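Student: what follows is a predicted protein model with its sequence.
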Amino acid sequence: MGQKTHPTGFRIGINKAHDTTWFASYANYSQTLEEDYKIRKIFENNWQGLYEKIGVAKLEIKRNIGQLELIIHAARPKAIRSNNEENSAFIDLRNQIKKVLKTPKQIRIKIYQIERSEGESTLVGRSLASQLEKRVAFRKAIRQSAQRLQKNGVKGFKLQISGRLNGAEMARTEWVREGRVPLQTLRADINYATCRAYTTYGVIGIKTWIFNKELI
């Protein structure tokens with residue numbers, strides 16, 4: 001029986017860091033954790049258009065005394081900085097976050113640009129999900145994503161989709177792998193993400209592993 005380990009959690013403290021950084025007492029821990037969950041859901045569900053427009057790869061939440069900082073790692077941050085209407089959207093986002101917080105805090109939102117967006121598994125998985133939702137054949141969608149990764153020069157990758165593929169009656173799993181994906185090597189920088197495609201036949205789960213480099 002195979003023992004599966006989350007590639008990111010396996011490397012935290014070695015070459016990966018937590019997406020959320022804060023300290024809370026035992027009494028306030030569950031409340032703070034619930035606030036983080038709601039903040040991420042607000043951003044993903046209510047701001048889906050903005051989420052796709054700037055290509056969000058990761059959200060970081062940092063908390064200090066009386067302050068909450070939301071750091072957005074995006075592939076196209078200039079798409080929002082040059083538009084005043086979108087900046088007003090961030091004001092609305094800040095107001096929604098204030099409603100979630102139990103105690104009032106100062107909220108700061110920062111946007112950082114990703115150096116190599118082609119090596120981000122979150123963006124690759126979301127691109128694959130959007131193709132499946134547009135009723136593109138799953139084999140064609142996987143092949144196009146694989147060819148794009150090969151052109152961008154990653155050392156290895158694995159793409160896996162599970163569900164009612166092409167509307168089949170029985171759910172199954174299909175995957176493709178190219179190059180090296182050393183999941184047991186701690187110094188390997190494995191970029192892992194999960195995503196969902198909501199099709200007319202049901203939900204299709206997507207997993208992506210991208211091996212960018214080895215950190216020595």
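Tutor: That came through fine.

Student: ok, the helix or strand that contains residue 58: who's next to it in the sheet?
Tutor: Remark: residue 58 resides in strand 56-64, with elements defined by DSSP states H and E. Applying DSSP bridges to the sheet, strand 56-64 is found paired with strand 20-21 (parallel), strand 67-74 (antiparallel).

Student: quick one: contacts of it?
Tutor: By C-beta atoms under 8 Å, 6 or more residues apart in numbering, the residues outside strand 56-64 that reach it are 19-23, 32, 36, 39-40, 43, 68-75, 105, 114, 117, 120, 122-123. No exception for glycine: its C-beta is placed from N, CA and C like everyone else's.

Student: can I get the CA coordinates of it in CSV?
Tutor: Taking C-alpha atoms only, strand 56-64 is exported to CSV below (Å, rounded to 0.1, in the frame of the first residue of the first chain):
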residue,chain,number,x,y,z
VAL,A,56,-2.9,34.8,-8.7
ALA,A,57,-0.6,31.9,-7.9
LYS,A,58,-0.4,32.2,-4.1
LEU,A,59,-1.9,34.2,-1.2
GLU,A,60,0.1,34.8,1.9
ILE,A,61,-1.4,36.1,5.2
LYS,A,62,0.8,37.7,7.8
ARG,A,63,-0.6,39.0,11.1
ASN,A,64,0.9,41.4,13.6
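
Student: enumerate every residue touching the closest residue in space to residue 213 that isn't next to it in sequence.
Tutor: In this structure, residue 213 finds its nearest non-sequential neighbour in residue 189, 5.2 Å apart by C-beta to C-beta, 6 or more residues apart in numbering. Residue 189 makes contact with 15, 211-215, according to C-beta under 8 Å, 6+ apart.
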